[in-house]
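Engineer: my questions concern the predicted model and sequence given below.
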Amino acid sequence: NTLGTPGVGKTTLGKELASKSGLKYINVGDLAREEQLYDGYDEEYDCPILDEDRVVDELDNQMREGGVIVDYHGCDFFPERWFHIVFVLRTDTNVLYERLETRGYNEKKLTDNIQCEIFQVLYEEATASYKEEIVHQLPSNKPEELENNVDQILKWIEQWIKDHNS
């Protein structure tokens, strides 16, 4: 599971990992859009509200089969049994600000997402939702860090497969 504030590089990392590992990649935001898994609209943030129960129902069979990389900015509604490891990407706030500004985020959305990163909200959500030993933070500011993260996670996947297929 790759987590983090919008703009930290979850999608880039997830897609890169999927292509190099052969695992399936699921972007929860894209899935929700395709299947209309919404429960209303948030005027303040100018975005649809995710129907978390429907997302879990939609993904449950694929998650039971395993071999799935899930990309989303939150995690507290995903069943604990789904994940063997959780990576929370962290980005410098000035780097993040530029990335989100490029996406055209309104001022409130920008400020709230930057504060979310400053206060490690998603890391704390992850450690509250899963066993602490499976939650890892990874830096995600520069292309070299992306490469290192991909290599590190691929090594972990390889080791996990060895440990569970012997």
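Structural biologist: Ah, there it is. Note that the structure is predicted; figures quoted are calculated from it, not measured.
Engineer: model confidence at the closest residue to residue 115 other than its chain neighbours, what's the number?
Structural biologist: Excluding the flanking residues, the one nearest residue 115 by CB to CB, 6 or more residues apart in numbering is residue 121, at 7.9 Å. (C-beta placed from N, C-alpha, C; glycine too.) With respect to pLDDT, residue 121 scores 95.
Engineer: got phi/psi on residue 121?
Structural biologist: Backbone dihedrals for residue 121, given as degrees, to the nearest 10, come out at phi -60, psi -50.
Engineer: that one and residue 102: what is the separation?
Structural biologist: 22 Å (CB to CB, to the nearest Å).
Engineer: which one's more surrounded, those two?
Structural biologist: Between residue 121 and residue 102, residue 121 has the larger neighbour count (other CB atoms under 10 Å), namely 16 against 9.
Engineer: ok, back up a step: relative to residue 107, how far out is the residue nearest to residue 115?
Structural biologist: Distance, residue 121 to residue 107, by CB to CB: 19 Å.
Engineer: I'd like to know the average pLDDT value across stretch 55-66.
Structural biologist: 97.
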